[in-house]
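Asks: with the sequence up front, the predicted model follows.
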Number of protein chains: 2
Amino acid sequence: MKNKVLEGIKEKANLVYNQILKKKTPGLDLPLRSLSNVKYDEKGGYFEILGKKKERALTVGTIKTFAQTLRMMGLSKQLIESDDIASKREAYYISKNWKEASFNHQPDSDAVMDDVEGMLMVNREQLGFIPEEKGGEIAGKLIVIDQDTETKKELKIDCTKFGSGAYSIPISVEHLKFDTNAKFILAVETAGMFQRLVKHKYWKKANCILVSMGGVPTRACRRFIRRLSDAKKMPVYVFTDGDPYGFFNIYRTLKVGSGNAAHINQYFCVPRAKFIGVTPQDIVDYKLPTHALKDVDIKRGKDALKNDPFVQHHKEWQKAIKQLVQMRVRAEQQALAKWGLNFVIEKYLPDKLKNPKTWLP
Amino acid sequence: MKNKVLEGIKEKANLVYNQILKKKTPGLDLPLRSLSNVKYDEKGGYFEILGKKKERALTVGTIKTFAQTLRMMGLSKQLIESDDIASKREAYYISKNWKEASFNHQPDSDAVMDDVEGMLMVNREQLGFIPEEKGGEIAGKLIVIDQDTETKKELKIDCTKFGSGAYSIPISVEHLKFDTNAKFILAVETAGMFQRLVKHKYWKKANCILVSMGGVPTRACRRFIRRLSDAKKMPVYVFTDGDPYGFFNIYRTLKVGSGNAAHINQYFCVPRAKFIGVTPQDIVDYKLPTHALKDVDIKRGKDALKNDPFVQHHKEWQKAIKQLVQMRVRAEQQALAKWGLNFVIEKYLPDKLKNPKTWLP
């Protein structure tokens, strides 16, 4: 993989180099990153980028950006070759030594990084660039295989052995391998619910791998779940609050990705994900305590019905959202505690897992 | 510890019970939780609560809160006895089965939980209640000793064996023990900087324990650092961005606690903490790239000079804040990357650790 990315960088650089030798104006082809250049790919299950490109040619007006793009490619090459990493912010500060090609603001260097990512059709972690934020924890029947950065020896990390703690997913997960006989991955919205499932070793009872997303999953968390579910062809069950935030910001982002990052959704989407709860029907069936839906939630639900290609593709989701908007309430996953603290472990999750008819796609 | 808390609950309950038997109006003494009931304890190094109390007596107006306080004490007793946990939100939902004593809004149940915490002078984790949020990761020379929740067998978690990942601190850390020969704890603000130090095994070179706070440290993260530094009498060095947010929201909260949670600061403060950077003087000495201070930052600095008992106690901090406000700039910890990605590992941290004169108290 690393070599493939290095080759890609060299190939693009050679193109520019040869154009210059031939005294032609050098240029770089970049895919257009916007919703107008995206379609919902039914088979792959994610927002896929279409063929539209923009060209960044060397002109008086683009000379700085052009130079910055080449330097960013150079930095990536250097990172891959020295097996190092740089956060987006670090990349910005490194440019302070690029003289005329230095960036004045981090959003500018972030945008050029996105361009390089799109041009090479890889995710930026593969270029050696890492996000600032971190997130996602694992407990249960999984051995993560990492390697010691010094000795390059294999390191086996057994996620059944952390007691009340957990394995924290690193910022870049491209190099990890997995060993597991678990039946499924259970991705949980809140840290509190995750801690309950860990405390009572739910992963042992259900033979599964628990993931705490801690709200909207980070890139590293999404990519980890994706790579793990691919490697072991393992289903992913998602358990969030029963509200539009849980449905769209968390579940839909995890499953199909988002609009403005279409060129990388193929790496981050989790097509095997299913939504097991809390569904609007669960609120009725389990007589859950609720909160009133805010106006913004109702608007978000109605917008999704109108504009979201994922929702438009799935009748079940349309029905669920209409039901929620009609009931005008939402329910948190902790609301199950009304029936006893461990109702979720003893009754709710076993029942839901047995009845795929109660899930949403 | 568990037994002590149980005894405390029973003692308070017996008091109420006996008052009723004697046909007196039952009441509970709660410490007043506000800045007017706080002093800066120089020796302990934290905001300490003073003796002012409010009484919650049984009257027509307080009957519901009184009943709720007793039920909350009962829930805590049940949690401790069954070795279970409940998040604040779960406690709220459990109350839905308390009939007339059920809470209508979670802030109400949170406040009663704070009262019970204050009344028994313990932190709520000791009562079996856990926060919703989670945070804090560990890598380096530390073995965490936890126990298997089923078998009660000892579990040793070696934080040198997580490769590029890390050990994620559980929500409640009261039961953990530690084994380490490390010289110090290095608490880092950003996940990106933490990942760099982990990637290059800085903990091995410096013989230390790395903690990623990920912004303002959570209760669990603060308590973990406190318990670890106490157990091994180990210094704690804090490394944040050079801005008022890093100084006050992160460092000062970690070291001395906050005003509105004074009754628990004694459990969460880390008196052994020292601030090693990025100091305002570092910005000058290392010629760091900067951003302009926002008006709100300048105001925060000036407010701290005027009103913050911690700042008023330390001349060095007064000088540093005046310097920052005068320069009108801030610098991020990633700004060190201007001198090369690993300048922070090869030069900055070794230099700073050698020169305590460059630290702030």
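Replies: Now that the structure is in, tell me what you want to look at. What you are looking at is a predicted structure, and each value in this text was computed from that prediction instead of being measured.

Asks: need the residue closest to the centroid of chain A.
Replies: Centroid-nearest residue in chain A: residue A:222, 3.3 Å away (criterion: C-alpha atoms, centre = their mean).

Asks: so what's residue A:31 closest to, chain neighbours aside?
Replies: residue A:118 (4.7 Å; C-beta to C-beta, 6 or more residues apart in numbering or on different chains). C-beta: built from backbone N, CA, C; applies to glycine.

Asks: and that neighbour, what pLDDT?
Replies: Looking at residue A:118, its pLDDT stands at 83.

Asks: how much space between it and residue A:68?
Replies: The gap separating residue A:118 from residue A:68 is 15 Å, by C-beta to C-beta, to the nearest Å.

Asks: equivalent analysis for residue A:123, please.
Replies: Note on residue A:123: its distance to residue A:68, by C-beta to C-beta, is 20 Å.

Asks: the closest residue to chain B within the stretch 151-300 of chain A: neighbour count?
Replies: Going by C-beta to the nearest C-beta, chain B is nearest to residue A:163 of the stretch 151-300 of chain A, at 2.9 Å. By the criterion of other C-beta atoms under 10 Å in any protein chain shown, residue A:163 has 23 neighbours.

Asks: please tell me I have it right and it contacts residue B:155.
Replies: Yes: using C-beta atoms under 8 Å, residue A:163 is in contact with residue B:155, at 4.5 Å.

Asks: what touches both of the two?
Replies: B:146, B:147, B:148 (C-beta atoms under 8 Å, 6 or more residues apart in numbering or on different chains).

Asks: can you pull the contacts of the first one?
Replies: What it means is residue B:146. Residue B:146 sits in contact with A:162, A:163, A:164, A:165, B:154, B:155, B:157, B:170, B:175, B:176, where contact means C-beta under 8 Å, 6+ apart.

Asks: quick one: what helix or strand has it in it?
Replies: strand B:143-147 (DSSP states H and E).

Asks: what lines up beside that strand in the sheet?
Replies: Paired neighbours of strand B:143-147 in the sheet (DSSP bridges): strand B:154-158 (antiparallel), strand B:177-179 (antiparallel).

Asks: averaged pLDDT, the last one. What do you get?
Replies: Just to be clear, that refers to strand B:177-179. 97.

Asks: hmm, back to that, more neighbours: residue A:123 and residue A:68, which one.
Replies: Each of residue A:123 and residue A:68 has its neighbours counted (other C-beta under 10 Å); residue A:68 has more, 24 against 20.

Asks: surely the more buried one is within a helix?
Replies: Yes: counting by DSSP: H, G, I helix; E, B strand; the rest coil, residue A:68 is located in a helix.

Asks: show me the contacts for it.
Replies: Counting by C-beta under 8 Å, 6+ apart, residue A:68 touches A:95, A:98, A:101, A:103, A:108, A:109, A:112.

Asks: among the residues you listed, which lie within helices?
Replies: A:108, A:109, A:112 (DSSP state H).

Asks: buried subset of those?
Replies: Among the ones in helices among the contacts of residue A:68, those classed as buried by 16 or more other C-beta atoms under 10 Å in any protein chain shown are A:108, A:109, A:112.

Asks: tell me the one of those nearest chain B?
Replies: For those, the minimum distance to chain B (C-beta to the nearest C-beta) is 11.8 Å, reached by residue A:109.

Asks: just give the nearest non-adjacent residue to the residue of the stretch 1-150 of chain A found nearest chain B, would you?
Replies: Using C-beta to the nearest C-beta, residue A:146 is the residue of the stretch 1-150 of chain A that sits closest to chain B, at 2.9 Å. Nearest non-adjacent residue to residue A:146, counting by C-beta to C-beta, 6+ apart: residue B:163, 2.9 Å away.

Asks: what's the helix or strand for the one you found?
Replies: Under the assignment given by DSSP H and E, residue B:163 is not contained in any helix or strand.

Asks: wait, it sits on residue A:148?
Replies: Yes: Residue B:163 is within contact range of residue A:148, at 6.6 Å (criterion: C-beta under 8 Å).

Asks: between those two, which contacts overlap?
Replies: Shared contacts of residue B:163 and residue A:148 (C-beta under 8 Å, 6+ apart): residue A:155.
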